[in-house]
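In: What follows is a predicted structure for the sequence shown.
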Amino acid sequence: MKVYFLAPFLFLLVACRNTAKEKPKAKTPEKTFNYSAFEKDYAEILEAILTHDTYINRLIITEKPETYIENKFTKDLIHTSYKGDYPPGDAIGIRELFSHLGYNVQDSIGFLNQTRARDTVHIPQAIVHKYMVKDGNRLTMEERFLTKLIFHLPILTHDGQKAFVSLDHICGGLCGQGWYFILEKIKGKWKVVKYEDTWIA
């Protein structure tokens, strides 16, 4: 008689254990790249480019500047698989980054992590306070005649000692020019070590 009373209890116990086993384990959220941790580096990188002796320096360092800096970084797309030497469109090839910045496994993952998120990264406040930085969507009628510089988000190596930055100067519908810059941190300061034209219209 006692066995009949115990049977439903045992069945319930086994069922609860099976249900507990079937529950999926909670997934650990993927780490997102912490852009705010690099704001000081971004500011110093932009400052190094803006003060480097180039056409850009003459555009921005004048008594009456006619060029503003867009207040948000553009994020480059990085292509990892493509035929030929260069990826299609305006994207950057992973091999191009390796050739400019060097290669190790941590860097390849780091390059992708820095650009995969679609969140907005603003120009650092240190640059905003020193230069004419504006939101292109909120210009006054007079400001619409200004030309603009669009910085692409700096792509840093894992050790934080090298950076790749694209920059566009837009001066009209069919007027503009682009460059890329390679920078290195030398004795704690970011320095431009190489730059080249990438496009012109």
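Out: Now that the structure is in, tell me what you want to look at.
In: Cross-check the contact I'm expecting between residue 97 and residue 110.
Out: No: the criterion here is C-beta atoms under 8 Å, and residue 97 misses it with residue 110 at 10.1 Å. Any C-beta I mention is one placed from the backbone N, CA and C, and that applies to glycine too.
In: Phi, psi for the spatially most central residue of the chain please.
Out: The residue lying closest to the centre of the chain (C-alpha atoms, centre = their mean) is residue 153, at 3.9 Å. Backbone torsions for residue 153, taken as degrees, to the nearest 10, come to phi -60, psi 130.
In: And the strands in the chain?
Out: Along the chain, the segments classed as strands by DSSP state E run 67-70, 78-79, 92-93, 133-134, 147-151, 155-156, 162-172, 175-186, 189-200.
In: What is the least confident helix or strand in this structure?
Out: helix 2-22 (a mean of 53; mean pLDDT, DSSP states H and E).
In: Run a quick neighbour tally on residue 187.
Out: 5 (other C-beta atoms under 10 Å).
In: how much space between it and residue 119?
Out: 33 Å (C-beta to C-beta, to the nearest Å).
In: now do residue 148
Out: Applying C-beta to C-beta, the value for residue 148 to residue 119 is 22 Å.
In: These two - which one has more neighbours?
Out: More neighbours surround residue 148 than the other of residue 148 and residue 119, with 18 against 8 (other C-beta under 10 Å).
In: what bridges to that one?
Out: residue 68, residue 170 (DSSP bridges).
In: wait, isn't it in contact with residue 136?
Out: Yes: when contacts are counted by C-beta under 8 Å, residue 148 is listed as touching residue 136 (6.3 Å).
In: Enumerate every residue touching residue 61.
Out: Residue 61 makes contacts with 50, 51, as judged by C-beta atoms under 8 Å, 6 or more residues apart in numbering.
In: no no, residue 157
Out: 101, 102, 107, 110, 163.
In: same check, this time on residue 172
Out: Residue 172 neighbours (C-beta under 8 Å, 6+ apart): residue 147.
In: can you tell me how far it sits from residue 114?
Out: 31 Å.
In: which sections of this protein are below the confidence cut-off?
Out: For the chain, the stretches flagged by pLDDT under 70 are 1-31, 81-90.
In: if you set the cut-off to 80 instead, what comes out?
Out: By pLDDT under 80, the weakly predicted segments of the chain are 1-32, 62-63, 80-91, 117-118.
In: and residue 76, how many neighbours?
Out: 20.
In: isn't it right up against residue 91?
Out: Yes: with contacts counted by C-beta under 8 Å, residue 76 reaches residue 91, the gap being 6.8 Å.
In: residues contacting the nearest residue to residue 171 once chain neighbours are set aside?
Out: Closest residue to residue 171 apart from its sequence neighbours, by C-beta to C-beta, 6 or more residues apart in numbering: residue 147 at 4.1 Å. Residues near residue 147 by C-beta under 8 Å, 6+ apart: 59, 66, 67, 68, 169, 170, 171, 172.
In: which one of the residues you listed is nearest residue 124?
Out: residue 68 (15.5 Å; C-beta to C-beta).
In: Many thanks, I have nothing further to ask.
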